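**Q** Could you look at this predicted model? Sequence included:
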Amino acid sequence: MKNLFARLSLRARLGLLYAALLILSVVLVSYYSYWNIWQLFTENEVSHMRARAKPIIEHWLKEQGLTAADSLRIKLKSEAFLQLAQDLTSRNAVAVILDAEGKIIASGKRLPEEPVPPPANIKYLRQAFSGMNEVTYWSERDGKPLLVFLIPLRPQPHNPKIFGVIQVSTSLAEINKILFRHGSMQISAVAIVLILGILFGYWLIGLSLKDLQNLSAACQQIARGNFSRRTKTTQRRDEIGKLAASFNLMIDKLERLFNSQKRFVANAAHELLTPLTGLRGSLEVLLRGAQDDPQALNRLSKGMYKEVNRLIRVCDQLLGLSRLENSANVDKRPIVLETFINDFKQRAKPLLQNRLFEVQNGPYLTFNADPDLLEQILFNLLSNALRYSSASSPIVLSWKLLPGYVEIRLSDQGIGMDEETLSHAFDPFFRGKPSAGAGHKGAGLGLSLTRSMVEAQGGSIRIVSTPGKGSTVFFTLPLV
Ligand SMILES: Nc1ncnc2c1ncn2[C@@H]1O[C@H](COP(=O)(O)OP(=O)(O)OP(=O)(O)O)[C@@H](O)[C@H]1O
Ligand SMILES: [Mg+2]
């Protein structure tokens, strides 16, 4: 059964669950209403009959002339009881008077159409003889339902001596007929409500799940490699709409990531292929006999050495990028910023040659950072600033404190970047216009590597630049 349920579609399962809940609630409500009506009818019948019986009994007691002295020794003639029973009997109710053993002292039934009284129920009879005034119960005679109530007979009200019990029984056939009619009407209404409710529910569930089916179709197409496929359910505001929106967002991101990975691999291959092609060319010339010409040999060897260096640099940068994807490779240690920058200035001397590099000291700060990464960041930014500015222009490094961060900035007064360069400067393998950098050909990996190194330490980086005026790179590192 459980297996069968699990094998059903989600729509069928939800439909079944919905139908079961609907049936259960409708049946419960109908049963409750039927029971209430039944109670109401019977209570009404009992109070009506009691109201009718009360004056008759009082009148009869008065007629018998019973006094308080009689209460212990009551001797009434059976004709007197017969009179009372007959007075209480009507077309749809018959009264009998019972003694403590349940024997009929007198029966009011005279006409055949009057109901036949049911046999006494000893349990209830005892309750009435013990003084209970409100004993009412259901019984039946010849398969027909009867409502029975018992009235104890006492000489005076509150007198504990009970000398008989009047049993009045009335047929419930009329009430049953009304209830049957009400019940059949209710069953028809319930059946219509159920059929309409189930059909509507099934349709509604189908409508809700249609978007999930769309989503699943989109997933299958994407799995086949069609990354442009999206699902069209974003106008919905419910959970499925949110799921579809999140799905589209996720696929957007994946598509961008996938494309940038593809671009990255193609660029990396191209970047490696260029020096390798140069090397092959040189080797071919050498093999064709140039090794015998010392001048050509010298020139070609120098060229090959340059290409090999370029290959090593690109591989180094690529390795650096992939290493930084794992933040476990970041080794943070306490750093005194001022000391660190001054040491860096010393180490950068061969790179700076005669260029003007000014350090404007900011506040005294110690914080945790990876010293190798920080040095690499500063070298990359400094080499860009040197490369993309004229020999006479100064380069300035400074820092300041932000809430929770230190912001380090490096500015040059060089060629600056246009909007296109600025928006792609951090893309791997992106290089600005060939005119930039006075003919130097980098791989275009410096800034992307720098950004990875900053982000791996929990910081961020941005560039503000004006073409022809210069650029400032700002990067932050967390203090804690
Ligand atoms: N300080 C700067 N001033 C002007 N343009 C810059 C500056 N820094 C970077 N750029 C531009 O951004 C591009 C990307 O810089 P990035 O450092 O990533 O690569 P690269 O310097 O060309 O090569 P690599 O750093 O790999 O040797 C550069 O080609 C250049 O056009
Ligand atoms: Mg660079």
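**A** That came through, no problem. Numbers count the residues shown, from 1 in each chain. Ligands and ions are numbered 1, 2, ... in the order given.

**Q** Any stretches of the stretch 201-350 of the chain with poor pLDDT?
**A** Low-confidence segments of the stretch 201-350 of the chain (pLDDT under 70): 233-234, 326-327.

**Q** show me where it has strands.
**A** Using DSSP state E, counting those that start in this stretch, the strands of the stretch 201-350 of the chain run over residues 333-336.

**Q** where along it do the helices fall?
**A** 239-287, 294-324, 337-347, 349-352 (DSSP state H, counting those that start in this stretch).

**Q** Please list the residues of this protein that sit near ligand 2.
**A** Taking CB under 5 Å from the ion as the measure of proximity, the chain contacts ligand 2 at 384, 442, 446. Every C-beta, even on glycine, is put in place using the N, C-alpha and C of the backbone.

**Q** Looking at these, state which has the most neighbours.
**A** residue 384 (22 neighbours; other CB atoms under 10 Å).

**Q** Kindly provide the distance from that residue to residue 411.
**A** As for residue 384, its distance to residue 411 is 11 Å (criterion: CB to CB, to the nearest Å).

**Q** Equivalent analysis for residue 148, please.
**A** 107 Å.

**Q** Same check on residue 169?
**A** Note on residue 169: its distance to residue 411, by CB to CB, is 110 Å.

**Q** contacting residues for residue 229?
**A** 218, 221-222, 251 (CB atoms under 8 Å, 6 or more residues apart in numbering).

**Q** The nearest residue to it once chain neighbours are set aside: neighbouring residues, count only.
**A** Among residues not flanking residue 229 along the chain, residue 221 sits closest, at 4.3 Å (CB to CB, 6 or more residues apart in numbering). Residues near residue 221, counting by other CB under 10 Å, number 15.

**Q** who are the neighbours in contact with residue 417?
**A** The contact partners of residue 417, taken as CB under 8 Å, 6+ apart, are 425, 432, 463, 465, 467, 471.

**Q** what does residue 353 give?
**A** If you count contacts by CB under 8 Å, 6+ apart, residue 353 has none.

**Q** List the buried residues of stretch 25-39.
**A** Residues 26, 37-38 are the ones in stretch 25-39 that count as buried (16 or more other CB atoms under 10 Å).

**Q** three-state assignment of the closest residue to ligand 2 within the stretch 51-200 of the chain?
**A** Proximity of the stretch 51-200 of the chain to ligand 2 (CB to the ion) peaks at residue 200, 66.4 Å away. With DSSP: H, G, I helix; E, B strand; the rest coil as the basis, the three-state label of residue 200 is helix.

**Q** That one: how many residues sit nearby?
**A** Using other CB under 10 Å, residue 200 has 11 neighbouring residues.

**Q** And the pLDDT at it?
**A** On pLDDT, residue 200 comes in at 89.

**Q** and what of residue 109?
**A** We have a pLDDT of 86 for residue 109.

**Q** same thing with the one 5 residues further on?
**A** Per-residue pLDDT puts residue 114 at 73.

**Q** And it, how far from ligand 1?
**A** Here residue 114 is placed at a distance of 112 Å from ligand 1 (CB to the nearest ligand atom, to the nearest Å).

**Q** circling back to that earlier point, can you redo the contacts of residue 417 as a markdown table with pLDDT?
**A** Listed next are the contacts of residue 417 as a markdown table, based on pLDDT from 0 to 100:
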| residue | pLDDT |
| --- | --- |
| 425 | 95 |
| 432 | 85 |
| 463 | 97 |
| 465 | 96 |
| 467 | 94 |
| 471 | 97 |
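
**Q** Name the nearest of those relative to ligand 1.
**A** Minimum distance to ligand 1 across those is 1.9 Å, recorded for residue 432 (CB to the nearest ligand atom).

**Q** thinking again about what came up before, look at residue 169 and residue 411 and report which has more neighbours.
**A** When residue 169 and residue 411 are compared for neighbours, residue 169 comes out ahead with 25 against 21, by other CB under 10 Å.

**Q** Now do the SS call for that one.
**A** Quick answer, by three-state DSSP: residue 169 is strand.

**Q** and it, what is it in contact with?
**A** Counting by CB under 8 Å, 6+ apart, residue 169 touches 93-94, 115, 117-118, 139, 141, 146-148.

**Q** Kindly tell me how buried residue 175 is, as a neighbour count.
**A** Neighbours around residue 175, by other CB under 10 Å: 19.

**Q** Just to check, it is in contact with residue 42?
**A** Yes: contact status for residue 175 versus residue 42: in contact at 7.0 Å, counting by CB atoms under 8 Å.

**Q** Taking the chain, what residue is nearest to ligand 2?
**A** residue 446 (2.7 Å).

**Q** Surely that residue touches residue 383?
**A** Yes: the criterion here is CB under 8 Å, and residue 446 meets it with residue 383 at 7.0 Å.

**Q** Go ahead and flag the most central residue of the protein.
**A** Ranked by distance to the mean C-alpha position of the chain (CA atoms, centre = their mean), the top residue is residue 239 at 7.2 Å.

**Q** Ramachandran coordinates for residue 393?
**A** Note on residue 393: its backbone torsions stand at phi -90, psi 150 [degrees, to the nearest 10].

**Q** Could I get the contacting residues of it?
**A** Contacts for residue 393 (CB under 8 Å, 6+ apart) come out as 356, 412-414, 470.

**Q** Make a ChimeraX selection of whichever of the residues you listed turn out to be buried.
**A** A single ChimeraX command selects the buried members of the contacts of residue 393 (16+ other CB under 10 Å):
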select :412,413,414,470
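
**Q** nearest residue to the residue of the chain closest to ligand 2 other than its sequence neighbours?
**A** Residue 446 sits nearest to residue 380 (CB to CB, 6+ apart), 4.6 Å away.

**Q** element containing the one you found?
**A** In this structure, residue 380 sits in helix 371-387 according to DSSP states H and E.

**Q** any idea of the angle that helix forms with helix 337-347?
**A** Relative orientation of helix 371-387 and helix 337-347, computed by axes from the mean of the first three to the mean of the last three CA atoms, to 10 degrees: 60 degrees.

**Q** Whatever helix or strand comes next after helix 371-387 packs against which elements?
**A** Moving toward the C-terminus from helix 371-387, the next helix or strand (DSSP H and E) is strand 395-402. Other helices and strands packing on strand 395-402, by 3 or more CB pairs under 8 Å, 6 or more residues apart in numbering; DSSP states H and E, are helix 337-347, strand 357-360, helix 371-387, strand 405-412.

**Q** Can you give me every residue that contacts residue 308?
**A** By CB under 8 Å, 6+ apart, the contact list for residue 308 reads 275, 279.

**Q** Quick check: the gap between it and residue 279.
**A** In this view, residue 308 and residue 279 are 7 Å apart by CB to CB.

**Q** Could you do residue 474 as well?
**A** 40 Å.

**Q** Comparing these two, which residue is more hemmed in?
**A** Higher neighbour count among residue 474 and residue 279: residue 279, with 18 against 15, using other CB under 10 Å.

**Q** hang on, the earlier thing: any chance of the contacts of residue 169 in JSON lines with secondary structure as columns?
**A** Shown next, in JSON lines, are these (three-state DSSP):
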{"residue": "93", "secondary structure": "strand"}
{"residue": "94", "secondary structure": "strand"}
{"residue": "115", "secondary structure": "coil"}
{"residue": "117", "secondary structure": "coil"}
{"residue": "118", "secondary structure": "coil"}
{"residue": "139", "secondary structure": "strand"}
{"residue": "141", "secondary structure": "strand"}
{"residue": "146", "secondary structure": "strand"}
{"residue": "147", "secondary structure": "strand"}
{"residue": "148", "secondary structure": "strand"}
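
**Q** Understood, closing this out.
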